[in-house]
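**Student:** I would like to see how this sequence folds:
(2 chains)
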Amino acid sequence: MNDTPEIRTRFAPSPTGFLHIGGVRTTLYNWLFARHHGGRFVLRIEDTDEVRSTVDSVTAILDSIRWLGLDWDEGPLDLEREQGDFGSYYQMRRLPLYQEQVRKLLQEGKAYPCYCTREETEVVRQAAKEKGEPRPEDPCRRLTEAKRREHEAAGRKPAVRFIMPDEGETVVDDLIRGQVRFENKLQQDLVIQKTTGGPTYNFACVCDDHAMRISHVIRGDEHLSNMPAQARIYEALGWQPPLFAHLSMIMGPDGTKLSKRHGATSVLEYRDMGFLPEALRNYLALLGWATSDSRQIFTPEDLISAFDLPGCQKNPATFDPAKLSWMNGEYMRALEPAEIVRRAEPFLQRAGLIPQPAGPALESLAALEREKFKLLSDVPARTDFFYRETEATDKARKVLAAPEAKAVLEGLAGLLEPFAPFTEKPLEECIRRFCAERALKAGQVFHPLRAAVSGRTDGPTLFLMLELMGRETVIARLRKTAARLA
RNA sequence: GCCCCCAUCGUCUAACGGUUAGGACGUAGCCCUUUCAAGGCUAAAACAUGGGUUCGAUUCCCGUUGGGGGCACCA
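**Tutor:** This next block holds a predicted model:
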């Protein structure tokens, strides 16, 4: 085909919890970048934390990404099955691969076994800190053979540390931030293999990004400081590193890192609140990325064709639930009524509106109330009163407390009971005439009528609402409400 | 404490040396209207700060301040 290497991106979560908003944005950017360039998007599970990784997290992460509609070309399909040609996409199933590279580095003298216990390491670290030294000493770097044997004889299992240069600097190119420089004398020899034999993050990540031929590593800002270590590992292994792009973080409304206390942070919570995945995607795409015309609404296809790294922001962005909500409303309004009902199914079910009770078709109600829906959960919330009596809101009670309300409702009930046809226009004419005859202002009649019939002060256009509700329900509710009024 | 990153309306952002500093969310007002929305119009609202460089800096450089991230056998 051509000689430009294939674009391959990846999202590599550690399964130690649900997928949060920040993780979604990273996933989205990787996915968009791959799709934009006709490349491949890989999902890799970094489960090397033996104590915190859980299978439930894996499932939650897979579900989250699927719900968002971000399909991956390679990676796990579930806990057992995988797709892709690069071996397992679960790191814990790739152990021999890391161990082989560790052996190589050991042989070449680029790494060494370290027998220090956590406590010993901590002591050394503390000492360096107190002396104001930039980097703690690595006691095992020059272990004598005798000392090494002593440790082995004592039954100590070594970790393996990678040797970082003592002087000079490590310069890293970042697609978003440009050149970033790190002083080597500040970098400590890092553990690449734990005493358990498992790899550490920085090592496994490098091995796999190389093995999986990842061309662009797009990840959160918190990884920028891992760059010197990773850059040196690539170099030591004789590998060409991929290109890197470090995304700024997402902040909560109070300017601190987005977390639980800012409300919902798990993607699945957004799903359960009634957000549309395409709206969340659009919103998140704009959180740290923009086009030069500051366009807001993108179709999925437009998003793919417009997205690129140069539009990415260097400074952290604050998550704004109000704007997300607005955007979801935009997407809701763009849906056909039948589609709204279909997508709202889980919410309608939960509200007992599926199977649909006797009454108007859900679809016609969706059409009626479409521009008011901000969330899928609003669909049942704004239509349930058509099917069953709901408790009157405080505002509705206040309207019904008007002195003339009782008489108005009784009058309307008597007037409408035999009235035909029970359809929008004739109903309006009839009720307006009623107002004129009794010398009442329209509002004095319309407001209590709405409140009595729907239990609320906001809602669909009045006369069409009456039509859809049907004579029987309207009359029954008018009578019942009137009877309750003193 | 040390290292790294960042800095335009309250928030997301546009601008790539010369603009009345633009758009969007949110907020306020008006219009539409039987309510609530939606829609339309209008308004208030920003270049953190001090030095340079330049004929000219929001834009380039340095300092300060502020914010964020990282300093694990966690990822």
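**Student:** which residue packs closest to A:Gly69, ignoring adjacent ones?
**Tutor:** Leaving aside its chain neighbours, A:Gly69 sits nearest to A:Pro277 (5.4 Å; criterion: CB to CB, 6 or more residues apart in numbering). To be clear about C-beta, it is placed using only N, CA and C from the backbone, and glycine gets the same treatment.
**Student:** phi, psi for that neighbour please.
**Tutor:** Backbone geometry at A:Pro277, expressed as degrees, to the nearest 10, gives phi -60, psi -40.
**Student:** what about the closest residue to A:Leu175 other than its chain neighbours, how many neighbours?
**Tutor:** Counting by CB to CB, 6+ apart, A:Ala245 is the residue found nearest to A:Leu175 once chain neighbours are left out, at 4.0 Å. Neighbours of A:Ala245 under the rule other CB atoms under 10 Å: 19.
**Student:** export stretch A:460-468 as PDB, just CAs?
**Tutor:** The C-alpha coordinates for stretch A:460-468 follow below in PDB (Å, rounded to 0.1, in the frame of the first residue of the first chain):
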ATOM      1  CA  PRO A 460     -47.800  19.800  27.200                       C
ATOM      2  CA  THR A 461     -49.900  22.300  25.300                       C
ATOM      3  CA  LEU A 462     -53.300  22.200  27.100                       C
ATOM      4  CA  PHE A 463     -56.000  21.300  24.600                       C
ATOM      5  CA  LEU A 464     -53.900  18.600  22.800                       C
ATOM      6  CA  MET A 465     -53.100  17.200  26.200                       C
ATOM      7  CA  LEU A 466     -56.900  17.000  26.900                       C
ATOM      8  CA  GLU A 467     -57.500  15.300  23.600                       C
ATOM      9  CA  LEU A 468     -54.800  12.700  24.100                       C
END
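**Student:** I'd like to know which helix or strand in chain A has the lowest mean pLDDT.
**Tutor:** For chain A, counting by mean pLDDT, DSSP states H and E, helix A:118-131 ranks last in confidence among helices and strands (a mean of 87).
**Student:** the stretch 1-150 of chain A against RNA strand B: which residues are in contact?
**Tutor:** Residues of the stretch 1-150 of chain A lying near RNA strand B by CB under 7 Å from any atom of the strand: A:12-14, A:16, A:46, A:48-49, A:52, A:114-118, A:121, A:125, A:132, A:134.
**Student:** what's the answer for the stretch 251-400 of chain A, then?
**Tutor:** Within the stretch 251-400 of chain A, the positions adjacent to RNA strand B are A:251, A:255-257, A:286-294, A:296, A:311, A:313-318, A:320, A:322-323, A:325-326, A:329-330, A:333, A:371-372 by CB under 7 Å from any atom of the strand.
**Student:** using PyMOL, make a named selection holding only the buried ones among the residues you listed.
**Tutor:** Remark: buried members of these, expressed as a PyMOL selection using 16 or more other CB atoms under 10 Å:
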select buried, chain A and resi 251+286+287+288+289+316+317+325+329+372
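**Student:** just the ones of the residues of the stretch 251-400 of chain A next to RNA strand B in helices?
**Tutor:** In this view, these that belong to helices under DSSP state H are A:Ala322, A:Lys323, A:Ser325, A:Trp326, A:Gly329, A:Glu330, A:Arg333.
**Student:** which two in those residues are spaced the farthest apart?
**Tutor:** By the measure CB to CB, A:Ala322 and A:Arg333 form the most distant pair in these, at 16.9 Å.
**Student:** ok, which stretches of chain A are strands?
**Tutor:** Taking DSSP state E as the test, the strands found in chain A are A:8-11, A:40-43, A:75-76, A:82-83, A:111-114, A:159-162, A:169-174, A:178-183, A:190-193, A:216-220, A:243-247, A:250-251, A:317-318.
**Student:** any idea which of these gets closest to A:Pro300?
**Tutor:** The nearest among those, by CB to CB, is strand A:40-43 at 14.5 Å.
**Student:** report pLDDT for the nearest residue to A:Ala392 once chain neighbours are set aside.
**Tutor:** In this structure, A:Ala392 finds its nearest non-sequential neighbour in A:Gly455, 4.3 Å apart by CB to CB, 6+ apart. A:Gly455 carries a pLDDT value of 97.
**Student:** can you pull the contacts of A:Gly455?
**Tutor:** By CB atoms under 8 Å, 6 or more residues apart in numbering, the residues touching A:Gly455 are A:Phe385, A:Glu389, A:Thr390, A:Glu391, A:Ala392, A:Thr393, A:Ala396.
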